[in-house]
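following is a predicted model, sequence given first.
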Amino acid sequence: MTRITIRILAVTGLLVAAIVLILWQSGGLAGLQQWAAMQQREAQTLMAGALRRLRAGDPGANWALMSVCFGYGFLHAVGPGHGKVLIGGYGFGTKVALGRLALLSVAASLAQAMTAVLLVWGGLTIFDLSREALTDLTEDSMADISAAMIGCVGLWLAWRGLRMLLRAGRAAQAQHHHHHHHHVHDADCGCGHAHGPSIEEAAATRSLRDAVALIAGIAARPCTGAVFLLLLTWRMGFFPAGIAGAMAMGLGTASVTLAVAMLSVWAREGSFAMIPETGPLAAMARWLPGILQLAAGAVVAIVAMTLLA
């Protein structure tokens, strides 16, 4: 694939992401969200039928339940949600490999399902909570906790973007004054002792910290549908089937967040592809990483605040 083709594809990704964002903010996707909500209700009916078949001993009921749960997770993720905003904002604002962001998307969705499992199991066995109390805890308290965590991640990304801009400014100023000092500032000066973390070690630490923050922010708010399923299967006496169904919902959700992850990385690459390699605008390449991370973090924080309002 030629460099020109790659640039065209990258710019196309940026345009697609911009169109989707504009449609989402303007309400242009309301019809899609209404369709998804209607299909979720249909999926709930099919889920109830699969549970009745499971209780009757139908050998194919387990597979039917898993299929319906996967579809429910997909439909649930089509609507507005905090996970897509966080994954998309991180992918657009941070230089991250698509494969790694895809793994984070799947891990976060499965962790969200596991949160529902632990919430129902712990609430019923340890704290003896009622169904209504568990539902209220999911929709109110845990939703607020998740939104607050996502807001903190957004502010953290914005702060990192601001620091990147400040560093870019200092580098531009140093280049402007033509300081040609050839000092090597490295974690290893050759004396045999490490005076600080290497670039690779620092990047690995930041990557792990980012992964934990992303997964925790998404997983803190379990899917209400998964909680309902787990409550029903607990009462009917086959809780393991409910756990498997919750995981299937997580995979269905992940199928959508994976698409968001791909689009966000695609859009980021498109932003860089639009900068010419030579000429007065070429210097924008120095500033763009900080601008993207600052903007993405601000958007994530603003969305989180609207969820808290």
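It's in. Numbering: from 1, shown residues only.

Met262 is in contact with Gly88, correct?
No: using C-beta atoms under 8 Å, Gly88 is not in contact with Met262, being 10.0 Å away. All C-beta spots, glycine's among them, are computed from the backbone N, C-alpha and C.

any idea which element the nearest residue to Val85 once chain neighbours are set aside lies in?
Nearest residue to Val85, sequence neighbours excluded (C-beta to C-beta, 6 or more residues apart in numbering): Val303, at 4.9 Å. Following DSSP states H and E, one finds Val303 within helix 284-308.

neighbouring contacts of that helix?
Here helix 284-308 makes contact (C-beta atoms under 8 Å, 6 or more residues apart in numbering) with 82, 85-86, 89-90, 92-95, 143-144, 147-148, 150-151, 153-165, 167-168, 171-172, 268, 271-272, 275.

using PyMOL, make a named selection holding only the buried ones among those.
Provided next is the PyMOL selection string for whichever of those are buried by 16 or more other C-beta atoms under 10 Å:
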select buried, resi 82+85+86+89+90+92+93+94+143+147+148+150+151+153+154+156+157+158+160+161+164+165+168+268+271+272
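
all the helices of the stretch 51-200 of the chain, in order from the start?
Here the stretch 51-200 of the chain has its helices, by DSSP state H, counting those that start in this stretch, at 61-78, 82-93, 98-125, 131-136, 142-176, 199-219.

next one: Ala113 from Leu129, what distance?
For Ala113, the distance to Leu129 (C-beta to C-beta, to the nearest Å) stands at 19 Å.

the two: which has the busier surroundings?
Ala113 (28 against 17; other C-beta atoms under 10 Å).

who touches the nearest residue to Tyr90 once chain neighbours are set aside in this structure?
Nearest residue to Tyr90, sequence neighbours excluded (C-beta to C-beta, 6+ apart): Leu214, at 6.1 Å. Taking C-beta under 8 Å, 6+ apart as the criterion, Leu214 is in contact with Leu86, Ile87, Tyr90, Leu104, Ala108, Val153.

report pLDDT for the last one.
In this case it means Val153. If you check Val153, the pLDDT there is 94.

let me see the contact set for it.
Val153 touches Leu86, Tyr90, Ala213, Leu214, Gly217, Gly297, Val300, counting by C-beta under 8 Å, 6+ apart.

please redo it, this time with the cut-off set to 7 Å
Taking C-beta atoms under 7 Å, 6 or more residues apart in numbering, we find Val153 in contact with Leu86, Ala213, Leu214, Gly217, Val300.

and what of the second one?
Ile87 makes contact with Leu101, Ser105, Thr257, Val260, Ala261, Ser264, according to C-beta under 7 Å, 6+ apart.

okay if I get the residues you listed as CSV plus distance to Ala48 and neighbour count?
Shown next, in CSV, are the contacts of Ile87 (distance: C-beta to C-beta, whole Å; neighbours: other C-beta atoms under 10 Å):
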residue, distance to Ala48, neighbour count
Leu101, 36, 23
Ser105, 29, 30
Thr257, 27, 25
Val260, 30, 24
Ala261, 32, 27
Ser264, 36, 25
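
low-confidence bits of this structure, can you list those?
Along the chain, segments meeting pLDDT under 70 span 1-3, 6, 24-25, 176-205.

again, only this time at 50
Scanning the chain for pLDDT under 50 picks out the ranges 183-197.

any idea how far the residue nearest to the spatial centre of it is from Ala107?
Nearest to the mean C-alpha position of the chain, by C-alpha atoms, centre = their mean, lies Ile87 at 2.6 Å. Relative to Ala107, Ile87 is positioned 11 Å away (C-beta to C-beta).

same check, this time on Leu162
28 Å.

for Leu307, same thing?
On the measure of C-beta to C-beta, Leu307 and Ala107 end up 22 Å apart.

please apply the same query to Met114.
From Met114 to Ala107 the distance is 10 Å (C-beta to C-beta).

got the contact list for the nearest residue to Ala220 once chain neighbours are set aside?
Distance criterion C-beta to C-beta, 6+ apart; nearest residue to Ala220, sequence neighbours excluded, is Ser146 at 3.9 Å. Neighbouring residues of Ser146 by C-beta under 7 Å, 6+ apart: His82, Gly217, Ala220, Arg221.

tally of neighbours for Ala254?
When neighbours are defined as other C-beta under 10 Å, Ala254 has 26 of them.

was I right to think it contacts Leu104?
No: here Ala254 does not reach Leu104: they are 10.1 Å apart, not a contact under C-beta atoms under 7 Å.

before we move on, back to that, dump the contacts of Ser146 to a markdown table, plus distance to Ile291.
Listed next are those as a markdown table, based on distance: C-beta to C-beta, whole Å:
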| residue | distance to Ile291 |
| --- | --- |
| His82 | 24 |
| Gly217 | 23 |
| Ala220 | 29 |
| Arg221 | 30 |
